[in-house]
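Q: Sequence first, predicted coordinates after that:
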Amino acid sequence: MSDHTGAPSADTPPPGCPAHASAVHLGGLEYQQTPSQLYRTMRREHGAVAPVLLDGGIPAWLVLGYPEVSYVTSHDELFARDSRRWNQWPNIPQDWPLLPFVGHQPSVLFTEGQEHQRRAGVITEALEGVDQFELTRQCQVIAEQLIASFAGSGQAELMSTYAHALPARAVLWMCGVPQGTTGTEQLVEDLRISLDAGEGDDPVAAYLRVGERITELVKEKRERPGPDVTSRMLHHPAGLSDEEVVQDLISVIAAAQQPTANWICNTLRLLLTDERFAVNVSGGRVSVGDALNEVLWLDTPTQNFIGRWAVRDTQLGGRLIREGDCLVLGLAAANTDPQIWPEAHVGAENSAHLSFSNGEHRCPYPAPLLADVMARTAVETLLERLPDLVLAVDAAELTWRPSVWMRGLTTLPVRFTPSVQ
Ligand code: HEM
């Protein structure tokens, strides 16, 4: 439908796009259990680039093919990050649920070209300064403290008490936030609420408190630098302003916490439910590494990522993509693309998955290594301390969160022999 100027009216899919007439609503119950089947069906019915509807019926493209996701992410000149070029803004209500992820913010996430290289370069170098041995030691200390808080009871819900808490504390430690103070505990809690609000939580208020605390941290580190990510960002020769460092630090902390937490939890689930790992779980360091990698192929934490916006009209996977269209990176679908697994065997033998994305805006180089240190230490320490750990419910009773974006469990209840740690 067009108005008299020929421009699209506010409530229609992209002009001339018959594909969106049969678009798949992204969301719904399928995601809670078996997104892989849904991706397979979508690929069969729509090909490598499927027309989808986001919350509120907003049209977008879901890029499902491994070659197509690789192409989109490595062609910034065609598919860029600044969401202000979206042709759907006139249709987006002020309380649209995806606004926090899609609305433009002055952070590294939405910058392009030289400005992105400047900002991402500072983050890369600041993260490169993290000593991986020291991070391992710190994660062990955090893991021991968390385990001690529930070891005596013989049971725990690992998602909230362990998988979420450990990366939050580890990332704050990397950024130079002092450990163990009331203020830090509040910050860990506010991070949880702002990234993953439960019933009765106020995510907006929590996010504001996170912003205030990070602003204070930046002020403190400007005056008294230390051997931490924040100080290295502030004193980098690129000369970022305090406001830029605040924005990018919040991005780093948020980008690190959620996916690493789900990586830990999804790996524990695999180890506790799949008999291939059962034999070697306790102390089986080799199988922990295998499980971590297999999760990145099969249950990757960031299953879909929004996104990229077309810079001009172009073609992708046989589709006509219009200038300003939104593309969602189907990272989980790409990882299980039958084109790269012709034998239908998705293996854990290599790490050519797209779980950390690809191209200029990929998860910045040292971050996947640091996330690996956190996740590996979290899983290994838990299995060493509680060697007879088992699920407290039937594997079939575990439920996935109803999210199209993050792949993670709602809870992971376990039991074990109580011990004093
Ligand atoms: C220490 C832990 C981590 C840190 C510090 C971190 C940091 C970041 C940052 C700063 C970005 C934005 C990059 C940019 O726009 O230039 C990013 C993007 C991303 N990260 Fe990470 N991250 C961490 C862990 C993870 C994990 C565990 C996963 C998933 C397994 C992950 C997946 C991604 C993805 C998919 C993107 C989007 C890339 C794109 O736009 O193409 N990250 N990360």
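A: Cool, got the structure.
Q: helix, strand or coil for residue 36?
A: Residue 36 carries the three-state label helix when classified by DSSP: H, G, I helix; E, B strand; the rest coil.
Q: residues contacting it?
A: The contact partners of residue 36, by C-beta atoms under 8 Å, 6 or more residues apart in numbering, come to 298, 332, 336. C-beta: built from backbone N, CA, C; applies to glycine.
Q: cool, residue 186 as well?
A: Going by C-beta under 8 Å, 6+ apart, the list of residues near residue 186 reads 209, 213.
Q: for residue 377, same thing?
A: With contacts defined as C-beta under 8 Å, 6+ apart, residue 377 is in contact with 136, 139, 140, 143.
Q: Could you do residue 152 as well?
A: Taking C-beta under 8 Å, 6+ apart as the criterion, residue 152 is in contact with 418, 419, 420, 421.
Q: Dump those residues to a markdown table, plus secondary structure, neighbour count and distance to the ligand.
A: As requested, these are arranged in a markdown table below (DSSP: H, G, I helix; E, B strand; the rest coil; neighbours: other C-beta atoms under 10 Å; distance: C-beta to the nearest ligand atom, whole Å):
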| residue | secondary structure | neighbour count | distance to the ligand |
| --- | --- | --- | --- |
| 418 | coil | 12 | 31 |
| 419 | coil | 14 | 30 |
| 420 | coil | 6 | 32 |
| 421 | coil | 13 | 26 |
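Q: where's the nearest residue to residue 19 once chain neighbours are set aside, which helix or strand?
A: Distances taken as C-beta to C-beta, 6 or more residues apart in numbering place residue 51 nearest to residue 19, at 4.1 Å, with adjacent residues excluded. Using DSSP states H and E, residue 51 falls within strand 49-54.
Q: Contact residues of the stretch 151-300 of the chain facing the ligand?
A: The stretch 151-300 of the chain has residues 251, 252, 255, 256, 259, 260, 263, 296, 300 near the ligand, with proximity defined as C-beta under 6 Å from any ligand atom.
Q: What distance do you get for the first one to residue 257?
A: By that I understand residue 251. Relative to residue 257, residue 251 is positioned 11 Å away (C-beta to C-beta, to the nearest Å).
Q: Those two: who's more crowded?
A: Using other C-beta atoms under 10 Å, the more surrounded residue of residue 251 and residue 257 is residue 257, with 25 against 17.
Q: picking up where we left off before, distance to the ligand for the contacts of residue 377 - can I get that in CSV?
A: Written out in CSV, the entries for those read as follows (distance: C-beta to the nearest ligand atom, whole Å):
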residue, distance to the ligand
136, 13
139, 11
140, 16
143, 16
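Q: What backbone torsions are found at the nearest residue in space to residue 48 that is not next to it in sequence?
A: Here the nearest residue to residue 48 in space, its sequence neighbours aside, is residue 65; by C-beta to C-beta, 6+ apart that works out to 3.1 Å. Note on residue 65: backbone dihedrals following degrees, to the nearest 10 are phi -90, psi 140.
Q: what about the strands in the stretch 51-200 of the chain?
A: Counting by DSSP state E, counting those that start in this stretch, the segments of the stretch 51-200 of the chain that form strands are 58-63, 79-80, 155-157.
Q: got those strands as CSV, with mean neighbour count and mean pLDDT columns?
A: Written out in CSV, the entries for these read as follows (neighbours: other C-beta atoms under 10 Å; pLDDT from 0 to 100):
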stretch, mean neighbour count, mean pLDDT
strand 58-63, 26, 97
strand 79-80, 22, 98
strand 155-157, 16, 97
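Q: Which of the contacts of residue 377 fall within helices?
A: Within the contacts of residue 377, membership in helices is found for 136, 139, 140, 143, as judged by DSSP state H.
Q: quick revisit: between the contacts of residue 377, which is nearest residue 157?
A: Each of the contacts of residue 377 was checked against residue 157 using C-beta to C-beta; the closest is residue 143, at 16.1 Å.
Q: count of residues packed around the residue nearest to the closest one when sequence neighbours are not counted?
A: Ranked by C-beta to C-beta, 6+ apart and with sequence neighbours excluded, the top spatial neighbour of residue 143 is residue 381, at 3.9 Å. Applying other C-beta under 10 Å, we find 21 residues neighbouring residue 381.
Q: Give me the distance between residue 381 and the ligand.
A: Residue 381 sits 17 Å away from the ligand, taking C-beta to the nearest ligand atom, to the nearest Å as the criterion.
Q: quick revisit: quick check on the contacts of residue 377: which are buried?
A: Buried residues within the contacts of residue 377, defined by neighbour count using 16 or more other C-beta atoms under 10 Å: 136, 139, 143.
Q: Now tabulate these in CSV and tack on pLDDT.
A: Compiled in CSV, the buried ones among the contacts of residue 377 are given as follows (pLDDT from 0 to 100):
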residue, pLDDT
136, 98
139, 98
143, 98
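Q: Pick the one among these closest to residue 96.
A: Nearest member of the buried ones among the contacts of residue 377 to residue 96, counting by C-beta to C-beta, is residue 139, at 36.7 Å.
Q: what sits against that closest one?
A: Residue 139 sits next to 166, 170, 373, 374, 377, 378, 381 when contact means C-beta under 8 Å, 6+ apart.
Q: I'd like to know which of those is nearest to the ligand.
A: Comparing the contacts of residue 139 against the ligand with C-beta to the nearest ligand atom places residue 374 closest, at 6.5 Å.
Q: That closest one contacts residue 260, doesn't it?
A: Yes. Residue 374 sits in contact with residue 260 when judged by C-beta atoms under 8 Å, with a separation of 5.4 Å.
Q: Mind listing the shared neighbours of those two?
A: Counting by C-beta under 8 Å, 6+ apart, the residues touching both residue 374 and residue 260 are residue 167.
Q: And the helix or strand containing residue 332, what's buried?
A: For residue 332, the enclosing helix or strand under DSSP H and E is helix 331-335. Neighbour-count burial for helix 331-335, with 16+ other C-beta under 10 Å as criterion, is recorded at 331, 332, 333, 334, 335.
Q: Cross-check the contact I'm expecting between the first one and residue 357.
A: Think residue 331. Yes. Taking contacts as C-beta under 8 Å, residue 331 lies within contact range of residue 357: 6.7 Å.
Q: what's the overlap in contacts for those two?
A: With contacts defined as C-beta under 8 Å, 6+ apart, the residues adjacent to both residue 331 and residue 357 are 302, 305.
Q: re earlier: over to the residue nearest to residue 143. Which of the three states is it?
A: State at residue 381, reduced to three classes by three-state DSSP: helix.
Q: where's it relative to residue 165, distance?
A: When distance is defined by C-beta to C-beta, residue 381 is 13 Å away from residue 165.
Q: Show me where the stretch 1-150 of the chain has its helices.
A: 30-33, 35-46, 66-73, 99-102, 113-128, 132-150 (DSSP state H, counting those that start in this stretch).
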